[in-house]
Structures are given as C-alpha cells and as structure tokens.
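Asks: sequence unavailable; structure follows:
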C-alpha cells in the first residue's frame, strides 16, 4: 500500500522501475523454457550491455557489489595491496577491497563534482598502491585522465549510458562495474555486470562468478576456488527490454533533469552538472543545499520521497581511522537526492519545485 502523506495527495516516488508488458513477455519465455539460470538470456543480456558500455566483453553477475568484488580479484589484488577509493561513495566500493584482503585507502572528493579529487589521490599513492577505484558518482563521469597512472577500476554503478570525452563509462578503465538495482536506469531487481576490453580479464571474471571453473576449457577444470555470483536468466530477461530501449529511457531521464533545471534555477541550490561534452548517467538527481536534513524532512512531510546522496565512509565505524576528509563531509552534509524516474510527470516536478521553493532560500 502506498503511504499517504498528511495532505491526502499521492506520494511522489523517489524511484520507479520502468517495467511492464515487454518484461513480462521475456520472463514468460524463460519460465516456459524451463531453464531459469545459466541459459541463453544471460548471453543476450551481456551482448546488449557490452554494446551499451562500448566494450568487447560484459559479464553478468548477481549484484553491483559482486561486480566490484570480482573485478578487484581479477586484477590480482589481495593482502598487502592498497586501492584508492573515494571517501564519499556507497560503502560497497570500499568493502570489496577489504573483502579481497587489501586496504581501501580513502581519498577526498571535490565538493562540487563529488567525485575523487585527483590531487588528493596523487598524494596518497604508495609503492603498495595497485589500483584506483574511480566512482562516477550518481552518474557524473569522473575525470579518469587526471587520476594517478595506475590500473583504473570504474565503479559505473550509476553511469550506464554516461560518456566522458566521447567514450562510454565502463570502457575507460581496465574494468567497469555496473549495478541493476531498482534505483538504476536499467534494473534486473538485483544484479550487476563487469565490462572490459581485455579478454584475459573477462575470462577471470567468468571463472570467479562460477565457482572458479575455467571457461576456456569448457568448465572442465577448477584452477581455484571462487564464488557463485551468477545472475539468473529470469532476472536477465527482466533487463533485456530495458537495455533495448536504453536510449529512450535516457531521453526520459534527461527530460526530467531538464525540467528540474528550469524549475530550480532561481533557488540557492547546486544542481548536478557535467564537464563540457560529457553525458550524465542520471542514476540519481542530486542537488546540494544548506540545511539538508531540515529540507529533507520538509519534503517528506509533503509526501515527496527523497534521500541523502550517499555516505561519507570516514564517518562509518569500518573506516573511521583514516583521518579527515573535508570534501566528503561537505558533500555528505549537503547532498539531497530528489525523485527521478522515467514516469515522473510535470505535475510532480511542479510539486517538488514548489515545496523546495518554500523550504530553501533564494539566490
């Protein structure tokens, strides 16, 4: 049951997957085939995704976190190694490094872009630094070319369809990692994928997702123990129609973002932006403003779902000992995710803008 706000008007939802009859038809096909996992829909989903990510290979896995985990392991990262991770990101980005036995080294973020600060990254490189885990936060492409010259792992969880310097996010580093959680533009419920142009890395990822079996010998030998991080056919079937209409979905999200841009232009808020020539992934529409918590409570009281941007890792128990990160603090305290999905109507945008207009001071 949809929770009704006090005013009796419908809730403006933070996110809503764009799924319907096409998805049901694909899922029905899987159910009728009797092969719910390790079947043809996985390969079909992967081919569509590789195309969208601009890479030769895409490997579907059970979550965005699983994608990051196997990507870190595929690069051979383990105990004694360090990986640079932004201090402002979803905790999974750092957790996978720790789970591989390596040390996540937090790097401050630029308070405006909310992506990793290249100058701070350069200062934190040591002889043990094996890679940099660059997050395209909320879909804003990170400036990969400014980061230290190390292997780059892209956390492109929110950046499907985003581009940087004319190239697709997910094709800029050694490996790219995607998420298909319901708040993403394409969803499989839970799910993720790894993209790469390196055949040997793709082979390693395929092995790591399937118990450590070796794909190149037809899964006869198991050179190492690994995980069951497979994504079921029935879930890939859910994502296939959305990948087919990715351009259409992106256009709908861009229409909503443009609508916000027009309506919020006069307010004392920072709107999401991109570098010239880049395309934002729009995984979330995140503004920055003063008195964030107060504004968030005010919007929720009016039936407008909203959420903090993401987490400042150094404020969490697991990563508290790494010092101070003023950029991450500023982003954490100011970032607010507004409702964003393909079916958001103009009337709902008006409601959000009018509510913000009353809660936020003007320029």
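Replies: Ah, there it is. Just so it is clear, the model here is predicted, and its values are computed rather than measured.
Asks: can you point out the buried residues in the lengthiest helix in the chain?
Replies: Determined from DSSP state H, the single longest helix within the chain is helix 246-264. For helix 246-264, the neighbour count (16 or more other Cβ atoms under 10 Å) marks 246, 249-250, 252-253, 256-257, 259-260, 263-264 as buried. To be clear about C-beta, it is placed using only N, CA and C from the backbone, and glycine gets the same treatment.
Asks: and what of stretch 118-130?
Replies: Buried, per 16+ other Cβ under 10 Å, within stretch 118-130: 118, 120-121, 124-125, 129-130.
Asks: now do stretch 352-363
Replies: 352-353, 355-356, 359-360.
Asks: the strands in the stretch 251-363 of the chain, which residues?
Replies: With DSSP state E, counting those that start in this stretch as the criterion, the stretch 251-363 of the chain has strands at 285-288, 307-308, 335-338.
Asks: the stretch 1-150 of the chain too?
Replies: 57-61, 82-86, 103-107, 129-135.
Asks: residue 281: which of the ones you listed is closest?
Replies: Comparison of the strands of the stretch 1-150 of the chain against residue 281 by Cβ to Cβ identifies strand 129-135 as nearest, at 11.2 Å.
Asks: helix or strand right after that closest one?
Replies: As assigned by DSSP states H and E, the chain's next helix or strand after strand 129-135 is strand 152-155.
Asks: spell out the residue ranges of the helices in this protein.
Replies: Secondary structure of the chain (DSSP H): helices at 21-33, 40-53, 64-74, 92-99, 118-123, 199-209, 233-244, 246-264, 292-301, 326-334, 346-359.
Asks: make a markdown table from those and add distance to residue 189 and mean pLDDT to it.
Replies: Below are the helices of the chain laid out as a markdown table (distance: least, Cβ to Cβ, whole Å; pLDDT from 0 to 100):
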| stretch | distance to residue 189 | mean pLDDT |
| --- | --- | --- |
| helix 21-33 | 11 | 97 |
| helix 40-53 | 13 | 98 |
| helix 64-74 | 12 | 98 |
| helix 92-99 | 17 | 98 |
| helix 118-123 | 34 | 98 |
| helix 199-209 | 17 | 98 |
| helix 233-244 | 6 | 98 |
| helix 246-264 | 17 | 97 |
| helix 292-301 | 25 | 98 |
| helix 326-334 | 28 | 98 |
| helix 346-359 | 24 | 97 |
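Asks: of these, flag the one that's most buried.
Replies: Among those, helix 64-74 has the highest mean neighbour count (mean count of other Cβ atoms under 10 Å), at a mean of 27.
Asks: report the inter-axis angle for that one versus strand 82-86.
Replies: 150 degrees (axes from the mean of the first three to the mean of the last three Cα atoms, to 10 degrees).
Asks: for helix 64-74, packing partners?
Replies: helix 92-99, strand 129-135, strand 152-155, strand 175-179, strand 192-196, helix 199-209 (3 or more Cβ pairs under 8 Å, 6 or more residues apart in numbering; DSSP states H and E).
Asks: if we go to 10 Å?
Replies: strand 57-61, helix 92-99, strand 129-135, strand 152-155, strand 175-179, strand 192-196, helix 199-209 (3 or more Cβ pairs under 10 Å, 6 or more residues apart in numbering; DSSP states H and E).
Asks: could the ones you listed go into a markdown table alongside distance to residue 297?
Replies: Below are these laid out as a markdown table (distance: least, Cβ to Cβ, whole Å):
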| stretch | distance to residue 297 |
| --- | --- |
| strand 57-61 | 37 |
| helix 92-99 | 27 |
| strand 129-135 | 28 |
| strand 152-155 | 30 |
| strand 175-179 | 28 |
| strand 192-196 | 33 |
| helix 199-209 | 42 |
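Asks: contacting residues for residue 287?
Replies: By Cβ atoms under 10 Å, 6 or more residues apart in numbering, the contact set of residue 287 is 260, 264, 267, 269-272, 295, 306, 309, 334-338, 356, 360.
Asks: endpoint to endpoint, stretch 10-26 covers what distance?
Replies: 31 Å (Cα to Cα, to the nearest Å).
Asks: could you chop this protein up by domain?
Replies: Following automatic domain parsing, one gets these domains for the chain: 21-244, 246-359.
Asks: roughly how far is the shortest one from the heart of the chain?
Replies: The gap between the average C-alpha position of domain 246-359 and the chain average comes to 15 Å, counting by Cα atoms, centre = their mean, to the nearest Å.
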